[in-house]
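S.K.: structural data only, the sequence is not supplied:
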């Protein structure tokens with residue numbers, strides 16, 4: 001039935017069908033560490049990554065949207081996705097947080113992490 005919360009309270013029985021779709025979160029993999037050699041002669045431990053290079057390790061499903069985030073909270077809420085080249089802010093090694101959801105179902109998501117590793121030049 002359909003009811004009104006106004007005054008006076010009214011209700012009316014309805015007939016018909018409703019389709020409810022329950023979406024599952026995608027099944028994803030934790031990618032291997034993104035390991036690179038430092039690209040500067042001063043071995044500063046900073047490198048600019050194309051994080052999307054790890055998408056295929058996380059999921060090969062073309063319907064899965066993958067985003068990368070600096071904090072676990074951002075990955076859980078989908079806030080502040082990292083776009084373009086990402087230059088790490090923690091020299092030498094940093095954890096990036098991954099969020100994955102099906103196209104059109106952002107509320108059903110899965111999370112994992114990606115380890116960034118910058119090795120010093122010899």
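M.R.: Looks like it arrived, so ask away. All values reported here derive from a predicted model rather than from experimental measurement. Numbers count the residues shown, from 1 in each chain.

S.K.: so which elements touch the strand ranked longest in the chain?
M.R.: Longest strand in the chain by number of residues (criterion: DSSP state E): strand 105-119. Contacting strand 105-119 under the criterion 3 or more Cβ pairs under 8 Å, 6 or more residues apart in numbering; DSSP states H and E are the following elements: strand 34-37, helix 72-77, strand 93-102. Every C-beta, even on glycine, is put in place using the N, C-alpha and C of the backbone.

S.K.: could you redo the last one with a cut-off of 10 Å?
M.R.: strand 34-37, strand 48-49, helix 55-58, strand 64-69, helix 72-77, strand 93-102 (3 or more Cβ pairs under 10 Å, 6 or more residues apart in numbering; DSSP states H and E).

S.K.: the second one: partners in the sheet, and parallel or antiparallel?
M.R.: According to DSSP bridges, strand 48-49 forms sheet pairs with strand 86-87 (antiparallel).

S.K.: list the pairing partners of the longest strand of the chain within its sheet, with orientation.
M.R.: strand 34-37 (parallel), strand 93-102 (antiparallel).

S.K.: as JSON lines, those strands with mean pLDDT and mean neighbour count would be great.
M.R.: Formatted as JSON lines, the strands paired with strand 105-119 follow (pLDDT from 0 to 100; neighbours: other Cβ atoms under 10 Å):
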{"stretch": "strand 34-37", "mean pLDDT": "96", "mean neighbour count": "14"}
{"stretch": "strand 93-102", "mean pLDDT": "97", "mean neighbour count": "20"}
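
S.K.: which residues of this protein score low on pLDDT?
M.R.: Residue ranges of the chain with pLDDT under 70: 1-9, 11.

S.K.: center of it - which residue?
M.R.: For the chain, the residue sitting closest to the mean C-alpha position, by Cα atoms, centre = their mean, is residue 99 at 1.7 Å.

S.K.: name the nearest residue to residue 49, ignoring sequence neighbours.
M.R.: Nearest residue to residue 49 in three dimensions, chain neighbours excluded: residue 86, at 5.2 Å (Cβ to Cβ, 6 or more residues apart in numbering).
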